[in-house]
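In: A predicted structure for the sequence below; I have some questions about it.
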Amino acid sequence: MSSGKGAKGSTVKVVIIGIILVCIVIGYYYYLSNKEKKDTDEVQKATAVQAALSYNFEKNYPPTPKEVVKLYGQITQCLHNETYTDEEFEKLALKIQNLYDEELIANKTRNQYFEDLKWDIKNVREQEIVISSYAAGASTDVEYYSMDGYSFAKIPCTFTMRKGTFLEVTDEIFLLRKDADGHWKIYGWTLDEEEEE
């Protein structure tokens, strides 16, 4: 009889240990699942600033004038609408210069460029204006031509500015020039002449 009691006791112990082990495995699985979900959420919550700063121009330079202007719009929207540190501002300002033609960059010293950009952003923010959207023209809207041994492209881009509930649309024409590496660089931009009339 005592051996039967011992067998029952050891069976109960084995069952209890089994249940504990199953609970540990389930708990560990739950922990890992939540950890992965949390990591994924953090990646998805990457700010527009982080996304702009992480763009790799060396590996993924925009291939067409339209894509260059779209990326310009994205970083410009980020500079005007988002919150960032002074260090991030400088990095963003230098990041967008990757899209500029060397002659456009040479027009100002780095400090002048930073100061002018800060003034522009401050001026827009003081008026409580945000860039709500931007839209580069269609690929068929791009006008290509050659001049002085360079390839140029003109493309329209529409910026929609919002102040409270009021929307204002600004149409700009971007001029791009192809550099020695075959990359389209922003040579300059102006308001669409039709809009000015």
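Out: Alright, I've got the coordinates. These figures come from a predicted structure and were not determined experimentally.

In: dump the residue contacts of the nearest residue to residue 137 once chain neighbours are set aside.
Out: Excluding the flanking residues, the one nearest residue 137 by C-beta to C-beta, 6 or more residues apart in numbering is residue 156, at 4.1 Å. C-beta here means a position set from N, CA and C on the backbone, and glycine is covered the same way. Counting by C-beta atoms under 8 Å, 6 or more residues apart in numbering, residue 156 makes contact with 136, 137, 141, 171, 172, 173, 174, 192.

In: if you set the cut-off to 6 Å instead, what comes out?
Out: Shown in contact with residue 156 (C-beta atoms under 6 Å, 6 or more residues apart in numbering): 137, 141, 173.

In: what's stretch 125-141 in contact with?
Out: Stretch 125-141 has contacts (C-beta under 6 Å, 6+ apart) with 66, 69-70, 73, 77, 80-81, 155-163.

In: tell me which of those residues is nearest to residue 111?
Out: The closest of the contacts of stretch 125-141 to residue 111 turns out to be residue 80 (C-beta to C-beta; 20.6 Å).

In: the closest one - how many residues pack around it?
Out: 16 (other C-beta atoms under 10 Å).

In: show me what the helix or strand hosting residue 91 is packed up against.
Out: Assessed by DSSP states H and E, residue 91 sits inside helix 86-97. Under the contact criterion of 3 or more C-beta pairs under 6 Å, 6 or more residues apart in numbering; DSSP states H and E, helix 86-97 touches helix 48-53.

In: buried residues, the helix it packs on. List them.
Out: With burial defined by 16 or more other C-beta atoms under 10 Å, the residues of helix 48-53 counted as buried are 48, 49, 52, 53.

In: kindly report the same for stretch 61-81.
Out: Of the residues in stretch 61-81, those buried (16+ other C-beta under 10 Å) are 61-62, 65-66, 68-81.

In: how far off centre is that stretch?
Out: Centre-to-centre, stretch 61-81 and its host chain are 9 Å apart (C-alpha atoms, centre = their mean, to the nearest Å).

In: ok, now stretch 59-68?
Out: 14 Å.

In: ok, residue 158 - contacts?
Out: Residues near residue 158 by C-beta under 6 Å, 6+ apart: 135, 169, 171.

In: quick one on the thing from earlier: looking at the contacts of stretch 125-141, which is nearest residue 15?
Out: Of the contacts of stretch 125-141, the one sitting nearest to residue 15 (C-beta to C-beta) turns out to be residue 81, at 60.9 Å.
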